[in-house]
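A.B. asks: Turn this into a model:
(one chain, ligands or ions: 1)
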Amino acid sequence: SERLVGKRVLVTAAGQGIGRASAIAMAREGAQVFATDINLENLSSIRSENLENIEIFEMNVTDDTSVAQGVERANPDVLFNCAGFVHHGTILDATDEEWDFAMDLNVRSMMRTTKAVLPGMVERGGGSIINMSSALGSIIGAPNRFVYGVTKAAVVGLTKSVAVDFITKGIRCNCICPGTVDSPSWRDRVEALAQELGSREEAMAQFVARQPMGRVAKAEEIAALVVYLASDESAFTTGHTHIIDGGWSGQ
Ligand code: NAD
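C.D. replies: The predicted model follows:
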């Protein structure tokens, strides 16, 4: 179908997981997609999808120069800020290094990319910015997600601020708040918990139990929400947290 024809879309962290699924879904809807990541090997595997409207290049969201070059190349109408990292532990476990790393990768990266794309969007009189938050953080607390939860709550504040300041310029800014999603890094987290608990089944069961639906999401299910927010179908929503969590926070 053709819900995104005529739109240029820049996706960060498109090498795997939700970013990859979203880049592919948006290309299938006719967008010109610029799929970026720091892992070029994973990014290159997108070529096997045979979508000629996906361009792939390296972009590091923690590097100002890399972001400036990437944004110049993509000149996007839609920005999907997907990059993020999950640290494990309570506030007592958290180190300054973890805090700084997560704040830089999960939050400041969005300031970098958003600052870089806004002038072009303002000039064209429109744009949609989609930020990856999480159900976990500002919507609901979860054990051992201190640093991560702080950063994902900050993403909500960043989103609302940008939405308010640019609403009269035709630019929308929303964030998405998924529950647990099957992705390569999530599988690593399951393995780590399995080591801790001495049982893979128990580790999996704990992650599944967060969602009253009794399962985790597929990345493609989150990508469908990204497509909606990228398209003009979502023209009347801005500044919001779009929760997609299998019922986790909705009880
Ligand atoms: P993932 O964690 O498996 O992959 C992350 C990708 O980010 C990798 O391809 C990696 O190379 C890339 N990356 C890391 N540092 C980067 C940098 N500096 N610049 C550019 N790219 C970089 O993917 P995922 O689990 O789908 O997570 C994607 C986003 O969704 C994250 O922000 C995550 O916090 C969020 N999220 C995930 C879940 C989940 O359960 N998987 C739930 C809610 C939110």
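A.B. asks: neighbours around Ser44, how many?
C.D. replies: Ser44 has 12 neighbouring residues, counting by other C-beta atoms under 10 Å. The way it works is simple: take the backbone N, C-alpha and C, and place the C-beta from them, glycine included.
A.B. asks: which outside residues touch the helix or strand harbouring Glu98?
C.D. replies: Element membership of Glu98 [criterion: DSSP states H and E] is helix 96-102. By C-beta atoms under 8 Å, 6 or more residues apart in numbering, the residues outside helix 96-102 that reach it are Phe85, His87, Gly89, Val147, Tyr148, Val150, Thr151.
A.B. asks: From the residues you listed, list the buried ones, please.
C.D. replies: Among these, those buried by neighbour count (16 or more other C-beta atoms under 10 Å) are His87, Val147, Tyr148, Val150, Thr151.
A.B. asks: any idea which of these is closest to Arg124?
C.D. replies: Distances from Arg124 to these, taken as C-beta to C-beta, are shortest for Thr151 (30.2 Å).
A.B. asks: sec struct for that closest one, please.
C.D. replies: Assigned state for Thr151: helix (three-state reduction, DSSP: H, G, I helix; E, B strand; the rest coil).
A.B. asks: Run a quick neighbour tally on the nearest residue to it once chain neighbours are set aside.
C.D. replies: Using C-beta to C-beta, 6 or more residues apart in numbering and skipping residues adjacent in sequence, the residue nearest Thr151 is Asn106, 3.8 Å away. By the measure other C-beta under 10 Å, the count of residues near Asn106 is 28.
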